[in-house]
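Student: Dropping a prediction and its sequence here:
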Amino acid sequence: MSSPYPEDTKDVKALRPDSIDGPPSLPNSPSVPHDDVHLSVRPPLDYSSGPAFARSVWRRFASLWTKRFILSLLAGQLVSLCITCTNVTTTELVNRNWALPTTQTFFLYFSLFVIYTPYTIYRYTFVGWLKMIYKDGWKYIILAACDVEGNFLVVKAYQYTTLLSCMLLDAWAIPVCLLFCFIYMRPKYHWTQLLGVIICVGGLGMLVASDEITDKDWPASSRAKGDIFMLVGATLYGFTNATEEFFVRRSPLYEVVGQLGMWGVLINGIQAAGLEHKDMTTASWNGATIGLLVAYTAAMFILYTVAPILYRMASSAYYNLSLLSSDFYGLLFGLFLFHYSVYWLYFPAFAVVILGLIIYFWHATPEEQGKIEPRVPEYVNERGGTTLVVGQV
């Protein structure tokens with residue numbers, strides 16, 4: 001049985017012991033590798049003369065483009081494109097008299113559950129999987145609950161407040177994510193990373209200005225309620241992103257994503273039955289809405305699969321910054337689907353966001369954001385596999 005994540009099919013018995021400088025292994029647990037990628041150091045800048053400074057800046061810029069950084073940049077734009085796809089399909093569903101936000105995400109969690117949980121059972125054996133749920137299930141329940149409610153509150157916020165408020169308040173997830181990453185993993189943030197964040201948010205401001213100028217906003221029916229929903233939802237987003245990163249750096253990806261899907265199905269299903277059971281009977285169920293639901297679920301499935309890999313290659317904060325470019329992709333969709341007019345400010349805004357993503361790792365490296373040490377629970381006898389670890393590039 002092949003793994004959805006070829007990573008975490010590693011044979012823990014074949015791995016080398018912990019290094020002298022690394023943390024010790026847990027008692028009675030198989031030894032695990034530390035990040036086998038050597039931490040790279042950026043070339044120093046030379047301020048002795050103008051030409052020397054220019055050459056050192058070029059060397060620093062060239063050092064950014066490692067395989068890991070390029071894949072992180074591309075993965076970030078892939079998840080941003082997926083977010084745009086979900087926004088477009090949700091808009092089309094609402095236009096077709098199908099507005100069931102909790103039911104809509106149920107299919108996402110169900111797909112994660114049926115793909116990744118059976119493989120987890122295969123790897124851990126059924127008894128080992130039950131032990132994992134008994135001992136560690138509580139932390140995945142918290143993760144899934146926050147993820148489900150974050151999705152629900154953000155979707156509800158769009159029904160009450162303006163597009164401008166939603167776009168600006170959604171960026172609150174970035175500082176929340178940075179805070180929880182610091183609490184969990186103690187990364188050493190360099191001032192250039194904070195500069196990268198500011199530049200990315202500046203690009204978001206340009207995108208918001210473009211939407212205002214081209215009159216894409218809508219009136220607020222209850223702005224205070226919508227803004228509160230968006231702030232709480234963005235806070236939950238930041239928390240779940242940082243928490244999932246903390247988990248996937250220390251546990252197999254298929255375990256984390258499978259548990260998120262399993263508990264998400266239960267929590268989401270109960271909430272949908274309680275809040276939307278009447279609307280399910282009046283919603284328009286036809287070929288078009290089912291097709292849009294399939295497209296939405298596929299986009300979200302790709303996002304939830306790629307995101308934890310991006311957490312390992314870069315960080316959850318970098319993931320949140322990458323999502324700021326989604327409005328630009330929304331313009332591209334709008335040109336063909338909704339016949340939007342092109343406003344020139346969209347293009348420099350997109351370039352500014354990409355610049356911020358590059359500046360974020362101008363001094364720090366992706367390897368410095370946290371160690372990748374996935375280990376199976378010590379009480380599980382895992383079936384063997386390869387030593388490949390997804391995200392360790």
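Tutor: That came in fine, so what should we check first?
Student: How much space separates K131 from M262?
Tutor: Computed with C-beta to C-beta, to the nearest Å, the distance linking K131 and M262 is 15 Å. (Each C-beta comes from the backbone N, C-alpha and C, glycine too.)
Student: Of these two, give the one with the bigger neighbour count.
Tutor: For K131 versus M262, the count of surrounding residues by other C-beta atoms under 10 Å is larger for M262: 23 against 16.
Student: Distance-wise, check that one relative to Y140.
Tutor: 8 Å.
Student: same question, A52
Tutor: For A52 relative to Y140 (C-beta to C-beta), the value is 53 Å.
Student: Have a look at these two and say which one is more surrounded.
Tutor: Y140 (24 against 12).
Student: Not counting sequence-adjacent ones, nearest residue to the more buried one?
Tutor: Closest residue in space to Y140, ignoring its immediate chain neighbours: Q259 at 3.7 Å, by C-beta to C-beta, 6 or more residues apart in numbering.
Student: Can you point out the buried residues in the host helix or strand of the one you found?
Tutor: Element membership for Q259 (DSSP states H and E) is helix 253-282. Residues of helix 253-282 classed as buried: 253-265, 267-269, 271-272, 276 (neighbour count, 16 or more other C-beta atoms under 10 Å).
Student: mind checking how far stretch 52-59 is from the chain centre?
Tutor: 34 Å (C-alpha atoms, centre = their mean, to the nearest Å).
Student: residues of that stretch that come out buried?
Tutor: Using 16+ other C-beta under 10 Å as the test for burial, stretch 52-59 gives S56.
Student: least trustworthy helix or strand in this structure by mean pLDDT?
Tutor: Ranked by mean pLDDT, DSSP states H and E, the helix or strand of the chain with the weakest confidence is helix 163-170, at a mean of 72.
Student: Tell me the buried residues in the next helix or strand after it?
Tutor: Downstream of helix 163-170, the first helix or strand assigned by DSSP H and E is helix 173-185. For helix 173-185, burial by neighbour count (16+ other C-beta under 10 Å) applies to A173, I174, P175, V176, C177, L178, F180, C181, Y184, M185.
Student: One more: stretch 203-218?
Tutor: Neighbour-count burial for stretch 203-218, counted by 16+ other C-beta under 10 Å, picks out G203, L204, G205, M206, L207, V208, S210, D211, T214, K216.
Student: distance of the second one from M230?
Tutor: According to C-beta to C-beta, L204 stands 14 Å off from M230.
Student: now S210
Tutor: 20 Å.
Student: What of A144?
Tutor: Taken as C-beta to C-beta, the span from A144 to M230 is 21 Å.
Student: do L335 as well
Tutor: Look at L335 and M230: by C-beta to C-beta, they are 27 Å apart.
Student: now do N97
Tutor: 25 Å.
Student: Report the contact partners of the most centrally placed residue in the chain.
Tutor: The residue lying closest to the centre of the chain (C-alpha atoms, centre = their mean) is A307, at 4.0 Å. Contact analysis of A307 by C-beta atoms under 8 Å, 6 or more residues apart in numbering lists V79, N241, E244, Y319.
Student: distance between the helix or strand it falls within and the chain's centre?
Tutor: Using DSSP H and E, A307 sits within helix 287-313. Offset of helix 287-313 from its chain centre (C-alpha atoms, centre = their mean): 11 Å.
Student: Check which helix or strand P187 maps to.
Tutor: Per DSSP H and E, there is no helix or strand for P187.
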